[in-house]
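can't give you the sequence, but here's the structure:
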């Protein structure tokens, strides 16, 4: 009896082949590629087209990098102009007309009281290197080594930045409570929770037996992104500025993700009116290309030459793209537009909560929006008590969004906050499409019969 050979496996499509080779070749540390198995080949504005021909609305925007969306004409023209000019593309930290134009435009966007007495340090191309530079700066200026940071923080992936982030295991940084309404660490929320958090900070610094030495600086995010889209209350921000100023502690504002109009102001510190001592800037300031800087008051500029260096501090294409992006946001009022459209999207999402018991909270500022997903089966009703997080359902919602052509990211303590970071060029019609697709995804994920085990425990 003849043996029948198995039929050969059908050939992989280009899309499938690329994804397979990625899984075989790239490290286990890859992140976005795991939950977003797409192969982008073209992009414009909010839209990405994959190698399989599918189109997606991109509400990740390079983790907030793409203030103007993908391939905005003013960015492409700025890059092309530098390439066509014959200007050097690598110049270390030498002065160039491109760098001068970028610095001039950046300083024009900064709060006036800050820009009038500011210095700039160009860092390695990632925001985490700028965070490291900020730590080195305040330590050199104060002669102290300790740092103050907050629960839920995220400042980058290098050693010092990780130590100041919320997930640190080898803790060498004093951790302070970050105020939240929905999951207040003191169980009270609102203004009372923010006042209690500020009072705790003040007590820790003034108590000689608290075990907290005089710190070199305090670092905070005006809106925690990876921590779950938690906007810092303006009054609390002003109180942190008072506490640090009264004790000669430099205040570092991490605006890597909140900057360039994202929250409805050009820089998120402007909502509270505070003037920090140091601002850490990256992501959108490079117009989609790698660029990171710190800007700080001149009194801290006590470094020796070479105290913070790096080979790729002079990315001319990124500076040109950044100049074009900063100018376009400023000239077209896109920060203000983000505030108006963000409020509208927040209102729409909050109205969804009435029909979806898995929505525990909706929060954000401008076009930095988060929807916290909770277990609908154990959610307390009418008590004001927060429900348990539901990471399995949150992941299901993200996957259902992708099936509907919507790219979103998850964040928060248990990866249960669906995050929206659309470009500032988002139109009203696109905003409606984003909300509609998310609403459909919520309904589909809630209906899934495979989300839980028979005992009701999360898989």
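Perfect, I can see it now. Just so you know, these numbers come straight off a predicted model, no measurement behind them. Residues are numbered from 1 along each chain as shown.

Now do the helices in the stretch 51-200 of the chain.
Applying DSSP state H, counting those that start in this stretch to the stretch 51-200 of the chain gives helices spanning 61-64, 73-85, 97-109, 112-115, 127-142, 159-163, 190-206.

And the closest residue to residue 156 other than its chain neighbours, how far from residue 140?
Spatial nearest neighbour of residue 156, excluding adjacent residues (Cβ to Cβ, 6 or more residues apart in numbering): residue 128 at 2.6 Å. Where C-beta positions appear, they are placed from N, C-alpha and C, glycine not excepted. Noted for residue 128: a distance of 19 Å to residue 140, by Cβ to Cβ, to the nearest Å.

Please apply the same query to residue 66.
In terms of Cβ to Cβ, residue 66 sits 34 Å off from residue 140.

same question, residue 284
28 Å.

Compare residue 66 and residue 140 and say which is more crowded by neighbours.
residue 66 (27 against 17; other Cβ atoms under 10 Å).

Does the more buried one touch residue 422 like I think?
No. Applying Cβ atoms under 8 Å as the test, residue 66 and residue 422 come out as separate, 9.3 Å apart.

Show me where the protein dips below the pLDDT cut-off.
Residue ranges of the chain with pLDDT under 70: 1-12, 167-171, 379-385, 449-459.

Out of the helices of the stretch 51-200 of the chain, flag the one nearest residue 439.
helix 61-64 (20.6 Å; Cβ to Cβ).

any idea whether the residue positioned nearest the centre of the chain is helix, strand or coil?
Centroid check for the chain by Cα atoms, centre = their mean gives residue 257 as the closest residue, at 3.9 Å. When classified by DSSP: H, G, I helix; E, B strand; the rest coil, residue 257 comes out as coil.

That one: what's it in contact with?
Contacts were defined as Cβ atoms under 8 Å, 6 or more residues apart in numbering; by that measure residue 257 touches 63-64, 221, 223, 225, 283, 368, 421.

for it, phi and psi?
Backbone torsions of residue 257, given as degrees, to the nearest 10, read phi -100, psi -30.

Would you quantify the distance from it to residue 185?
22 Å.

Could you measure from residue 79 over to residue 244?
Taking Cβ to Cβ, one finds residue 79 at 39 Å from residue 244.

neighbour count winner among these two?
Ranked by neighbour count (other Cβ under 10 Å), residue 79 and residue 244 place residue 244 first, with 23 against 19.

Just to be sure, the more buried one is in a helix?
Yes. Counting by three-state DSSP, residue 244 is part of a helix.

Contacts only, for the residue lying closest to residue 129 once chain neighbours are set aside.
Distance criterion Cβ to Cβ, 6+ apart; nearest residue to residue 129, sequence neighbours excluded, is residue 123 at 4.6 Å. The contact partners of residue 123, by Cβ under 8 Å, 6+ apart, come to 129-130, 132-133, 292-294, 308, 310, 313.

can I get these in CSV with distance to residue 434 and neighbour count?
Converted to CSV, the contacts of residue 123 look like this (distance: Cβ to Cβ, whole Å; neighbours: other Cβ atoms under 10 Å):
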residue, distance to residue 434, neighbour count
129, 32, 24
130, 30, 30
132, 35, 24
133, 36, 25
292, 29, 30
293, 31, 25
294, 33, 26
308, 40, 19
310, 37, 16
313, 37, 22
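
Let me know the closest of these to residue 400.
Distances from residue 400 to those, taken by Cβ to Cβ, are shortest for residue 292, at 34.8 Å.

Residue 120 is in contact with that closest one, correct?
No. At 11.2 Å, residue 292 does not count as touching residue 120 under the criterion of Cβ under 8 Å.

How far off centre is stretch 355-371?
16 Å (Cα atoms, centre = their mean, to the nearest Å).

One more: stretch 400-409?
The answer for stretch 400-409 is 19 Å, by Cα atoms, centre = their mean.

Next, the distance between the ends of it.
12 Å (Cα to Cα, to the nearest Å).

Residues contacting it, please?
32, 35-36, 38, 48, 54-60, 63, 398, 418-421, 434, 437-438, 440-442, 444-445.
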